[in-house]
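Asker: build me a model from this:
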Amino acid sequence: MEKTGRVQTEQHPDTLVWGKNPVTELLKSGEGVDTVYLADSLPQAVAGYYTAMAKQCGAVVKRVPGNKLQKLCGTQDHQGVAARVAEIQYATLEDLFAAARAKKEPPFLVVCDGVEDPHNLGAIIRSAYLCGAHGVVIPKRGGVGVTGTVMKASAGAAARLPVARVTNLSQAIRAIKEENIFVYCADLGGAPLARTDLSGPVALVLGSEGSGPSALTRKLCDAAVTLEMAPGQATGVDSYNVSVAAGILCYDVMRRRAAK
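Answerer: Alright, predicted model coming up:
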């Protein structure tokens, strides 16, 4: 075992970093982080500091007893903080475009703008993969990354479908549009899905669970599409869960392409 704040074991082929400064620098770097472990003895202010940074990086936070953290790190010098670097190799936007070209198909991408629940992200990736998408785009900050929970929720699809983690989502959307890909935002007030043709080169943008796509994201998209509900059903429940909406939209893309 190295004494640099990193450990690698046979049980966990990814890398574990421990100690306050190493973990802080790791989270600030924007490198893919799966899980942040915090000892339950940490002062609330310190725990809140690491929790906020972890959330920005899309990492899951787990509070654990000090003895468990010591066993995990193999040392007493963990200072109550450890982080596991994600094992997944993220793709680039160009990798996603190349995947479409390799299959000689119109590009089909799914873009997540601030999806925070790992179960939702996993379900979105699973639907995207099963419906023939060429890749998923997620932000480095402001949304969950591909953690172990995401991998499990995706039923392994996250290891099969390229996932690009971008520094600036707005720039990524602009780059997608430069490839002549029509960008649709799933949002209330858009055109009904039944009257929207999703069969060509398309990118579907899905917003966060609480507030949907950001105002800038909405502005950058070419159009918005809305999933209708049965009459009288909107009282108190005014929208679909984001992963359910993703499944419906992705299936519609696959259906329309198959029809052509």
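Asker: from now on I want contacts and neighbour counts done on CA atoms only, so please keep to that.
Answerer: OK.
Asker: now do the SS call for Gly210.
Answerer: Secondary structure, DSSP: H, G, I helix; E, B strand; the rest coil: Gly210 is coil.
Asker: for Tyr251, grab the count of nearby residues.
Answerer: 17 (other C-alpha atoms under 10 Å).
Asker: wait, it sits on Cys131?
Answerer: Yes - between Tyr251 and Cys131 a contact is recorded at 5.8 Å, counting by C-alpha atoms under 8 Å.
Asker: now do the shared contacts for the two.
Answerer: With contacts taken as C-alpha atoms under 8 Å, 6 or more residues apart in numbering, not a single residue reaches both Tyr251 and Cys131.
Asker: what about the helices in the chain?
Answerer: With DSSP state H as the criterion, the chain has helices at 20-29, 44-57, 66-73, 93-103, 118-130, 148-153, 169-178, 215-220, 242-259.
Asker: buried set for the second one?
Answerer: In other words, helix 44-57. Ala47, Tyr50, Thr51, Met53, Ala54, Lys55, Gln56, Cys57 (16 or more other C-alpha atoms under 10 Å).
Asker: okay, these in CSV with distance to Thr35 and pLDDT next?
Answerer: Formatted as CSV, the buried residues of helix 44-57 follow (distance: C-alpha to C-alpha, whole Å; pLDDT from 0 to 100):
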residue, distance to Thr35, pLDDT
Ala47, 14, 94
Tyr50, 11, 95
Thr51, 11, 94
Met53, 12, 91
Ala54, 8, 90
Lys55, 10, 86
Gln56, 12, 83
Cys57, 10, 80
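Asker: nearest to Ala215, of those residues?
Answerer: Of all those, Gln56 has the smallest distance to Ala215: 18.9 Å, by C-alpha to C-alpha.
Asker: identify the residues contacting that closest one.
Answerer: The contact partners of Gln56, by C-alpha under 8 Å, 6+ apart, come to Lys140, Arg141, Gly142, Gly143.
Asker: list the contacts for the third one?
Answerer: Gly142 makes contact with Lys55, Gln56, Cys57, Gly58, Gly114, Val115, Glu116 under the criterion C-alpha under 8 Å, 6+ apart.
Asker: what packs against the lengthiest strand in the chain?
Answerer: Using DSSP state E, we find that the single longest strand of the chain is strand 182-192. Judged by 3 or more C-alpha pairs under 8 Å, 6 or more residues apart in numbering; DSSP states H and E, strand 182-192 is in contact with helix 169-178, strand 202-207, strand 223-226.
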